[in-house]
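*Asks:* mind folding the following:
(2 chains, ligands or ions: 4)
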Amino acid sequence: MEQKAQGQGEPTNERAAEILDEIGDMLDILDESTFRVRAYHKAAASVRSLTRPIADIYREGGVKALDEIPGVGSHTALRLEELIATGRLPYYEELREKIPESVTELMVIPGIGPKKAKKIYETLGISTLDELMSAITEHKVEHIPGFGRKTEENILRGIRQYEKMHERILLSQAYPIAHEIVDSLRRQPFVDRANTAGSLRRMKETVGDIDLLASSEQPLKVMEYFTTIPQVAYILATGETKSSIIVKNGLQVDLRVVAPNEYGAALQYFTGSKPHNIHLRDIAKKRGLKINEYGVFESDTDRRLGGRTEEEVYGTLDMETPPPAIREDKGEIEAAMRRSLPRLIRHEDIKGDFHIHTNWSDGINDIETMVEMARSLGYAFVTISDHAEKLRIAGGLTKEELQEQLEAIAGLNEKYDDIEILTGMETNIDNDGEVDFGPEVLRKLDVVIGSIHGGFRQSKEQLTRRMVRAIENPYINIIAHPTGRILGQRPPYDIDLHEVFKAAAATGTFLELNAYPNRLDLKDDHLREARDAYGCKFAIDTDAHVAGNMLYMEYGVVTAQRGWLTKEDVLNTYEVPEIRRMLRLKR
DNA sequence: GCCGTTTTCGGCCCGACTGTTTTCAGTCG
Ligand SMILES: Nc1nc2c(ncn2[C@H]2C[C@H](O)[C@@H](COP(=O)(O)OP(=O)(O)OP(=O)(O)O)O2)c(=O)[nH]1
Ligand SMILES: [Mg+2]
Ligand SMILES: [Mg+2]
Ligand SMILES: [Zn+2]
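*Replies:* Ligands and ions are numbered 1, 2, ... in the order given. Here you go, the predicted structure:
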């Protein structure tokens, strides 16, 4: 029998995490201890969020290094070693003999957990979604002991819901939907306060649903309003503190409603993340306190100590309040206890944008329009960085055209005294790591960007070599969208980021945080790794192809925050003379 | 299965909503 865990060579982090999750699910179905089950899921989440391939970690530090991954203990470290070394995991395969893959797959349906999946499998001998659908049509499911007519209906709805929508959506797509509902809630006289919460408030690059919080003295009125807004397609559940709806595009929206003096505790709870909450509550518990969404309490007396504001919740534990963007249980709780939270970069720190296209290549607007947009954003500078000639499909500029553009920019710079237009170009890194132009052209430019636009399927060695050569080119200042991923469309190319970060730090080459909402590349965790382990510096760029795109800077800044970056880490927070000085250091 | 300035054993966050249940399990946040 062909198993996914077999003979596939070294597992990616994602594959290893999937296997750990599936083991957790199988143990869950087998009625194992919930703590063991949780341990597997926790280890899976930890492996999934690593910034380095586990195979590399293992090669460098052996089992000991695997053991040091949070949530991975001696036992799982050995299992991962087996998996990395042989491409197989006998323990996983043994469990699979008892529980077929298709049974754990039933658990993707909202409303079907380990117990229902097990009953469906054992009672009806059903393990696939198709079989389940026919069993529902024949009304066999409602006769499973403990199930009923409504259970069957809900499973059917669950399947429909899953088929319509089960992917995470871009933060930028969820954001306006969320704020439209928040705004409408705020307009209701019976609503005291309303806010976004969950991953959307933490500004995660994608969100699984929209989480909203409101406070009110009349919670039932709020729920009645919420479940009848025009966006509603289906009401999943509604009670006096919590309701869930599905909106027209298939997305789920959860609303929690609490009393006004509980707002801070509820916001803390509902902002999460889940690991952050669990860690925080664990600390409270060890101090004889209890935290829930209604407040902080003394465990033995249930006396309420606070919860009006988030600061009160964290303050009761003698902690600073971590910004929502970093509440991922990746060190922020410890930092908040030491009172040494990072001073994260703010949007106001941004003084300009280095990556802007115009109608000289594949942009929509002319130079002046882009400059006017930059001025309206209060920027001190903007760099025009059109594509170069090798990227024909993007209307790349020849060196003659570039010369013309430089003259046009010189003219515009005469006209403005409140903004400086820097000259630049986005060059294409070819298969040999060379770019469109040599020093005689590039030396005329203030800022040179290099990026990969093709050959994504090359070997890791080749891709890495190309990139590192470009980084070593003394004229290239910024590497744009370093991993090439496009959320929901294209995975990152297979490149050795360790080599890229090392070379960038050694040469004084800035790594881009491309703020385009479906790129956000480098991503949050990579930014943090590149800075902390390598000392890299960054530029947050919008890669605007039309003036309005320059507003994407906001998504770049929040992603930088999620990567724990401070103002000092980011080139476009400096004054122009200082930027020029830093750019010249490389040449 | 993981983990440790009170522990290497004994804990592991805490609660809402639903359906099928005569008292709570399952799923989800
Ligand atoms: N204490 C506690 N809080 C939880 C738990 N599950 C969820 N929460 C809180 C923290 C989450 O951020 C918040 C919203 O839950 P979601 O499932 O929507 O997660 P979140 O929005 O973080 O991520 P998402 O993008 O929706 O997958 O509810 C839990 O098991 N325990
Ligand atoms: Mg959510
Ligand atoms: Mg939610
Ligand atoms: Zn570009």
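*Asks:* what pairs with the longest strand along chain A, parallel or antiparallel?
*Replies:* Looking across chain A with DSSP state E, the single longest strand is strand A:420-428. Using DSSP bridges, the strands paired with strand A:420-428 are strand A:381-387 (parallel), strand A:447-451 (parallel).
*Asks:* would you turn those strands into a markdown table with distance to ligand 2 and mean neighbour count?
*Replies:* Where C-beta positions appear, they are placed from N, C-alpha and C, glycine not excepted. Shown next, in a markdown table, are these (distance: least, C-beta to the ion, whole Å; neighbours: other C-beta atoms under 10 Å):
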| stretch | distance to ligand 2 | mean neighbour count |
| --- | --- | --- |
| strand A:381-387 | 36 | 27 |
| strand A:447-451 | 33 | 27 |
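*Asks:* could you dump those strands into CSV with distance to A:R36 added?
*Replies:* Formatted as CSV, these follow (distance: least, C-beta to C-beta, whole Å):
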stretch, distance to A:R36
strand A:381-387, 53
strand A:447-451, 46
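*Asks:* the closest residue to ligand 2 within the stretch 351-500 of chain A: what's its closest spatial neighbour, skipping adjacent residues?
*Replies:* When scored by C-beta to the ion, the stretch 351-500 of chain A has A:L487 as its residue closest to ligand 2, at 16.7 Å. Ranked by C-beta to C-beta, 6 or more residues apart in numbering and with sequence neighbours excluded, the top spatial neighbour of A:L487 is A:N518, at 4.6 Å.
*Asks:* who's in contact with the residue of the stretch 51-200 of chain A found nearest ligand 2?
*Replies:* Using C-beta to the ion, the closest approach of the stretch 51-200 of chain A to ligand 2 is made by A:G198 at 3.4 Å. The contact partners of A:G198, by C-beta atoms under 8 Å, 6 or more residues apart in numbering, come to A:V207, A:D209, A:I210, A:D211, A:D254, A:F270, A:T271, A:G272.
*Asks:* still on that earlier bit, dump the residue contacts of the residue of the stretch 351-500 of chain A closest to ligand 2.
*Replies:* In this structure, A:L487 makes contact with A:L170, A:E205, A:T206, A:P517, A:N518, A:R519, A:L520, judged by C-beta under 8 Å, 6+ apart.
*Asks:* highest neighbour count among the residues you listed?
*Replies:* Neighbour tally across these (other C-beta atoms under 10 Å): the maximum, 29 neighbours, falls on A:L520.
*Asks:* point out where chain A drops to low pLDDT.
*Replies:* Along chain A, the model assigns pLDDT under 70 to residues A:1-8.
*Asks:* next one: the residue nearest to A:L487 from A:L571, what distance?
*Replies:* Distance, A:N518 to A:L571, using C-beta to C-beta, to the nearest Å: 23 Å.
*Asks:* got it, and A:G295?
*Replies:* On the measure of C-beta to C-beta, A:G295 and A:L571 end up 44 Å apart.
*Asks:* which single residue of the stretch 251-400 of chain A ends up nearest ligand 3?
*Replies:* Closest point on the stretch 251-400 of chain A to ligand 3, by C-beta to the ion, is A:D254, at 4.0 Å.
*Asks:* number of residues surrounding the nearest residue to A:L200 once chain neighbours are set aside?
*Replies:* If the residues on either side of it in the chain are set aside, A:L200 comes closest to A:V207, at 5.1 Å by C-beta to C-beta, 6+ apart. Burial of A:V207 is recorded as 23 neighbouring residues (other C-beta under 10 Å).
*Asks:* just A:D130 next, same as before
*Replies:* Using other C-beta under 10 Å, A:D130 has 9 neighbouring residues.
*Asks:* need the phi and psi values for it.
*Replies:* Here is the backbone geometry of A:D130 (degrees, to the nearest 10): phi -60, psi -50.
*Asks:* check A:A194 too.
*Replies:* Torsion angles, degrees, to the nearest 10, at A:A194: phi -150, psi 150.
*Asks:* next, the contact list for the spatially most central residue of chain A, please.
*Replies:* Centroid-nearest residue in chain A: A:E205, 3.6 Å away (criterion: C-alpha atoms, centre = their mean). When contacts are counted by C-beta under 8 Å, 6+ apart, A:E205 touches A:L170, A:L171, A:L487, A:P517, A:L520, A:K523, A:D524, A:T559.
*Asks:* and the residues you listed, which is closest to A:N277?
*Replies:* Comparing these against A:N277 with C-beta to C-beta places A:D524 closest, at 19.3 Å.
*Asks:* thinking again about what came up before, could you export the contacts of A:G198 as JSON lines, including secondary structure and distance to A:T483?
*Replies:* Shown next, in JSON lines, are these (DSSP: H, G, I helix; E, B strand; the rest coil; distance: C-beta to C-beta, whole Å):
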{"residue": "A:V207", "secondary structure": "strand", "distance to A:T483": "21"}
{"residue": "A:D209", "secondary structure": "coil", "distance to A:T483": "26"}
{"residue": "A:I210", "secondary structure": "strand", "distance to A:T483": "27"}
{"residue": "A:D211", "secondary structure": "strand", "distance to A:T483": "28"}
{"residue": "A:D254", "secondary structure": "strand", "distance to A:T483": "32"}
{"residue": "A:F270", "secondary structure": "helix", "distance to A:T483": "32"}
{"residue": "A:T271", "secondary structure": "helix", "distance to A:T483": "28"}
{"residue": "A:G272", "secondary structure": "coil", "distance to A:T483": "26"}
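*Asks:* please convert those residues to JSON lines, extending it with distance to DNA strand B.
*Replies:* JSON lines is the format used below for the contacts of A:G198 (distance: C-beta to the nearest atom of the strand, whole Å):
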{"residue": "A:V207", "distance to DNA strand B": "11"}
{"residue": "A:D209", "distance to DNA strand B": "6"}
{"residue": "A:I210", "distance to DNA strand B": "10"}
{"residue": "A:D211", "distance to DNA strand B": "5"}
{"residue": "A:D254", "distance to DNA strand B": "5"}
{"residue": "A:F270", "distance to DNA strand B": "7"}
{"residue": "A:T271", "distance to DNA strand B": "11"}
{"residue": "A:G272", "distance to DNA strand B": "8"}
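*Asks:* also within reach of ligand 1: list those from those residues.
*Replies:* With C-beta under 6 Å from any ligand atom as the criterion, the contacts of A:G198 include A:V207, A:D209, A:D211, A:F270, A:G272 near ligand 1.
*Asks:* between those residues, which sits nearest ligand 1?
*Replies:* Comparing the ones next to ligand 1 among the contacts of A:G198 against ligand 1 with C-beta to the nearest ligand atom picks out A:G272 as the nearest, at 2.1 Å.
*Asks:* spit out the contact partners of that closest one.
*Replies:* By C-beta under 8 Å, 6+ apart, the contact set of A:G272 is A:A197, A:G198, A:S199, A:R202, A:R327.
*Asks:* repeat that with 7 Å
*Replies:* Applying C-beta atoms under 7 Å, 6 or more residues apart in numbering, we find A:G272 in contact with A:G198, A:R202, A:R327.
*Asks:* who in chain A is up against ligand 2?
*Replies:* A:G198, A:S199, A:D209, A:D211 (C-beta under 5 Å from the ion).
*Asks:* and the residue of the stretch 451-587 of chain A found nearest ligand 3, how far is that from DNA strand B?
*Replies:* Proximity of the stretch 451-587 of chain A to ligand 3 (C-beta to the ion) peaks at A:R562, 18.9 Å away. Distance, A:R562 to DNA strand B, by C-beta to the nearest atom of the strand, to the nearest Å: 20 Å.
*Asks:* wait, that residue touches A:R201, no?
*Replies:* No. With contact defined as C-beta atoms under 7 Å, A:R562 does not reach A:R201; the gap is 12.0 Å.
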